[in-house]
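Engineer: can't give you the sequence, but here's the structure:
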């Protein structure tokens, strides 16, 4: 078998249950560098087998950790942390990408091969809500000052809407009520339509919230190791 790894920034459009069948590239398809087709962008390039973490050249905050998953086999756990997750399904893992070539002839790994980790979604929302409460991000503090009154969408920075426009539902992480120019964190409502990964890439938070999420993930890993 040939090991493949993500090329440039991760791209995907849909999320699946962990045990949903994942279509993997065939040996023939993996023998060449994957290239975009008219229907999908490919995610992988051929490389030698490696047990070390892979950093994303276009997204320095993303790391790919080799793991083994039940019913799927070898995969890459996508994470914001450089240290390996304690378990393949750690809450620090955004999701997984297939790493071994197998399956249908000439099939290529594409946009739909990302498998979302529901545990990460939960801890991400907890971190963002706490970050808003602790006022760690000036961007959202200033946005609330400009809005003054009403509901404010927390957008994913990977695809920001034009000024005064509502963003794509896939990119609206949550909504929060603003009164007198101040965020009311207790009104935080996560958006069910939000996707951890779209054609614009994985989750990309504003600087303050991203730093808060990383701290929360590091704490979560420490607790997982201690269990």
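Structural biologist: All right, it came through fine. Just so we're clear, the structure is a prediction, and the values are computed from it rather than from any experiment. Numbering: from 1, shown residues only.

Engineer: what about the closest residue to residue 153 other than its chain neighbours, neighbour count?
Structural biologist: Distances taken as CB to CB, 6 or more residues apart in numbering place residue 172 nearest to residue 153, at 4.9 Å, with adjacent residues excluded. C-beta coordinates here come from the backbone N, C-alpha and C atoms, glycine included. Residues near residue 172, counting by other CB atoms under 10 Å, number 18.

Engineer: Against residue 194, how distant is residue 172?
Structural biologist: In this view, residue 172 and residue 194 are 6 Å apart by CB to CB, to the nearest Å.

Engineer: Overlap in contacts, those two.
Structural biologist: residue 156 (CB atoms under 8 Å, 6 or more residues apart in numbering).

Engineer: what's the distance between stretch 64-82 and the middle of its chain?
Structural biologist: In this view, stretch 64-82 has its centroid 13 Å away from the chain centroid, taken as CA atoms, centre = their mean, to the nearest Å.

Engineer: I'd like the average pLDDT over it.
Structural biologist: Stretch 64-82 shows an average pLDDT of 90 in the prediction.

Engineer: buried set for it?
Structural biologist: Within stretch 64-82, the residues scored as buried using 16 or more other CB atoms under 10 Å are 64-67, 69, 72, 74-81.

Engineer: Which secondary structure state is assigned to residue 153?
Structural biologist: At residue 153 the chain is in strand, as set by DSSP: H, G, I helix; E, B strand; the rest coil.

Engineer: for residue 193, same thing?
Structural biologist: From three-state DSSP, the assignment for residue 193 is coil.
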